[in-house]
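just need the structure, nothing else, for what follows:
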Amino acid sequence: MTQKKDVFGTALWEYHQSTGQQDLITWTSLTEKEPVPLSYFFRTYDKMPLIEQKALELSYGKILDVGCGAGSHSLFLQNQKKLNVIGLDNSAGAVRSSKERGLIETVHQSIFDYQTKTFDTILMLMNGIGICGRLEKLEVLLKKLKRILNPDGQILLDSSDLIYLFDETTAGEKIISADSYYGELEYGIKYQDQIETFPWLYVGFDLLSHAAKSTGLAIELILEGENWDYLARLTREY
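Numbers count the residues shown, from 1 in each chain. A predicted model of the protein is given here:
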């Protein structure tokens with residue numbers, strides 16, 4: 001997201017102040033507009049998808065929750081697992097919301113700028129890897145994460161291969177434009193009369209594996225979902 005707007009953070013903060021039936025409208029260059037209840041970003045562990053639950057189950061040590069949002073993942077790790085968690089987000093409203101909900105340590109900063117501490121577990125859930133925006137920046141982000149990862153640490157992230165969204169020819173081949181990688185999207189959000197758009201990346205496991213190996217990271221497929229989504233664990237090879 002840009003620093004000039006904080007539509008997502010504004011929505012989270014207003015929902016936190018006055019819980020109701022507010023929706024966030026989202027869309028991408030591949031999908032139509034649809035409402036997402038803001039309550040979804042405040043969900044408890046039992047309401048989270050299995051992939052997120054598994055990631056929290058595997059988390060250990062000193063943790064950085066990248067793109068912490070309203071802090072739901074961080075708060076579970078802090079309060080239920082009694083772990084040391086830092087919630088990091090480039091959205092001021094998100095950081096404010098997570099802090100007001102009881103998250104002890106928060107940082108309002110982009111992951112690309114963060115360099116203060118190192119961690120045993122780095123979380124990037126809800127397709128947090130998408131912040132790199134374009135495939136060409138994926139390795140840049142992975143190198144950044146590697147620099148703040150402890151020698152025996154792990155990066156836990158989820159994403160999706162969007163190939164399932166495309167139609168097929170009669171021969172069974174997917175109809176995809178050759179102009180760019182099909183997981184490079186323009187993402188839009190609307191809250192009340194505020195609108196923000198930004199580049200966002202969904203990356204298939206094979207491409208993520210290639211980028212990981214190019215940056216000296218080993219990769220393991222932990223769990224697969226129903227719609228080509230998956231949870232991956234990355235660790236240092238060197």
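
so who does the closest residue to residue 80 other than its chain neighbours touch?
The spatially closest residue to residue 80, leaving aside those adjacent along the chain, is residue 45, at 7.1 Å (Cβ to Cβ, 6 or more residues apart in numbering). C-betas here are computed from N, CA, C, even on glycine. Listed by Cβ atoms under 8 Å, 6 or more residues apart in numbering, the contact partners of residue 45 are 53, 56, 76, 80.

what about residue 11, neighbour count?
For residue 11, the count of nearby residues is 27 (other Cβ atoms under 10 Å).

ugh, typo on my part, it should be residue 236
Residue 236: 16 neighbours (other Cβ under 10 Å).

show me the shaky parts of this protein.
Residues of the chain meeting the criterion pLDDT under 70: 1-4, 166-178.

please, where are all the helices along it?
For the chain, applying DSSP state H gives helices covering 7-17, 50-58, 72-79, 92-100, 138-147, 205-214.

any idea what residue 84 is bridged to?
With DSSP bridges as the criterion, residue 84 is bridged to residue 62.

check whether it really touches residue 64, as I assumed.
No - when contacts are counted by Cβ atoms under 8 Å, residue 84 is not listed as touching residue 64 (10.0 Å).

more neighbours: these two, which one.
Taking other Cβ under 10 Å, residue 84 and residue 64 do not tie; residue 64 has more neighbours (28 against 13).

if we ignore the residues flanking it in sequence, what's nearest that one?
residue 119 (4.5 Å).

burial check on that neighbour, number of neighbours?
Residue 119: 22 surrounding residues under other Cβ under 10 Å.

ChimeraX command to pick out the buried ones of the contacts of residue 45?
Buried members of the contacts of residue 45, defined by 16 or more other Cβ atoms under 10 Å, are picked up in ChimeraX with:
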select :53,56,76
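
picking up where we left off before, identify the bridge partners of the residue nearest to residue 64.
Applying DSSP bridges to residue 119 gives these bridge partners: residue 149.

residue 229 too?
According to DSSP bridges, beta-bridge pairing links residue 229 with residue 160.

got a list of what the residue nearest the centre of the chain touches?
What sits nearest the mean C-alpha location of the chain, by Cα atoms, centre = their mean, is residue 128, with 1.7 Å. By Cβ under 8 Å, 6+ apart, the contact list for residue 128 reads 66-67, 157-158.

look up how far residue 14 lies from it.
Residue 128 sits at a distance of 23 Å from residue 14 (criterion: Cβ to Cβ, to the nearest Å).

look up phi and psi at residue 118.
With angles defined as degrees, to the nearest 10, residue 118 sits at phi -120, psi 160.

can you count the residues close to it?
Using other Cβ under 10 Å, residue 118 has 14 neighbouring residues.

wait, it sits on residue 148?
Yes - with contacts counted by Cβ under 8 Å, residue 118 reaches residue 148, the gap being 5.1 Å.

hang on, the earlier thing: dump the helices of the chain into JSON lines; add distance to residue 194 as well.
Shown next, in JSON lines, are the helices of the chain (distance: least, Cβ to Cβ, whole Å):
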{"stretch": "helix 7-17", "distance to residue 194": "5"}
{"stretch": "helix 50-58", "distance to residue 194": "27"}
{"stretch": "helix 72-79", "distance to residue 194": "23"}
{"stretch": "helix 92-100", "distance to residue 194": "11"}
{"stretch": "helix 138-147", "distance to residue 194": "27"}
{"stretch": "helix 205-214", "distance to residue 194": "32"}
